[in-house]
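>>> Task: produce atomic coordinates for the following.
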Amino acid sequence: MFIKVVFLVIVILAISFIGIGFNIFLRNKKFPQTSIGKNKNMAKLGLTCPKSDEIKCRREIEKRTDYCSSCGCS
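As a prediction, the model looks like this:
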């Protein structure tokens, strides 16, 4: 019984991989872009790369001179 279930799962997975491969390789469709920085649809929604946001924030903090005056640090 266990062997039949494992075989059935393998067959279902094989069929799904063949279906995915057919759409990507045989029809020459591009794989969907998942990177936020390069995805045009995400850019239209106003989503940006977290790494770029962090760099931008750090540059703004470095430009300020009073960023630590409230805590007493020098």
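
>>> any chance you could map the helices in this structure?
Along the chain, counting by DSSP state H, helices occupy 2-21, 40-44, 50-63.

>>> same for the second one, what does it pack against?
Applying 3 or more CB pairs under 8 Å, 6 or more residues apart in numbering; DSSP states H and E, one finds that helix 40-44 contacts no other helix or strand. Placement of C-beta: from N, CA and C, glycine included.

>>> what sits up against that helix?
Counting by CB atoms under 8 Å, 6 or more residues apart in numbering, helix 40-44 makes contact with 33, 36, all of which sit outside it.

>>> Could you pull out the buried residues of it?
Neighbour counts over helix 40-44 (16 or more other CB atoms under 10 Å) mark Met42 as buried.

>>> Show the average pLDDT along it.
For helix 40-44, mean pLDDT is 82.

>>> Give me the below-cutoff pLDDT ranges for this structure.
The chain contains residues with pLDDT under 70 at 29, 31-32, 65-74.

>>> How is it partitioned into domains?
1-31, 34-74 (automatic domain parsing).

>>> Centre of the chain to the first one, how far?
With CA atoms, centre = their mean, to the nearest Å as the basis, domain 1-31 stands 23 Å off its chain's centre.

>>> what's near enough to touch Lys51?
Residues in contact with Lys51, defined by CB under 8 Å, 6+ apart, are Gly37.

>>> If we use 10 Å, what do you get?
Residues in contact with Lys51, defined by CB atoms under 10 Å, 6 or more residues apart in numbering, are 36-37.

>>> now swap in Leu45 and tell me
By CB under 10 Å, 6+ apart, the neighbours of Leu45 are Asn39.

>>> What values do phi and psi take at it?
Per-residue torsions, Leu45: phi -80, psi -10 (degrees, to the nearest 10).

>>> and of the helices of the chain, who's closest to Lys30?
helix 40-44 (12.3 Å; CB to CB).
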